[in-house]
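1. Mind folding the following:
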Amino acid sequence: MRGASRCPTCAARVESARPNRPTNVNLTWRERKRRALVVRMWRADHGDVCPGWQRPEHPATDLTADHAVAVGAGGEQSGYLQVLCRSCNSAKGART
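-> I've put the predicted structure just below:
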């Protein structure tokens, strides 16, 4: 069990409890690169600023690319991405 933090039985139980969100299951190398490019382009144009979701724009260094129409709400995996900070992205969830 060296290097493992859980025994195989507990690890399987924890893994089965993880949500099977599309980002956990389908985030390919190409999609990660696409998201990184969107964030990089946002930073080049706007700096470390989150446009906010149901709150005013604010400084943020933990910017993420988020589907404008969540995949869980019927959006396409390859759909339009918007930039939000991790906090706004989490607050938005599957809402559009």
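2. and the spatially closest residue to Gln54 that is not a sequence neighbour, what pLDDT?
-> Leaving aside its chain neighbours, Gln54 sits nearest to Ala91 (7.1 Å; criterion: Cβ to Cβ, 6 or more residues apart in numbering). Backbone N, C-alpha and C define where each C-beta goes, glycine included. As predicted, Ala91 sits at a pLDDT of 89.
3. I'd say His58 and Gly52 touch.
-> Yes - taking Cβ atoms under 8 Å as the definition, His58 is a contact partner of Gly52 at 6.1 Å.
4. Let me know the secondary structure of the residue nearest to Gln54.
-> Secondary structure state of Ala91, per DSSP: H, G, I helix; E, B strand; the rest coil, is helix.
5. and it, how far is that from Ser5?
-> To Ser5, Ala91 is 29 Å away according to Cβ to Cβ, to the nearest Å.
6. One more: Ala68?
-> For Ala68, the distance to Ser5 - Cβ to Cβ - is 36 Å.
7. Cool, thanks, talk later.
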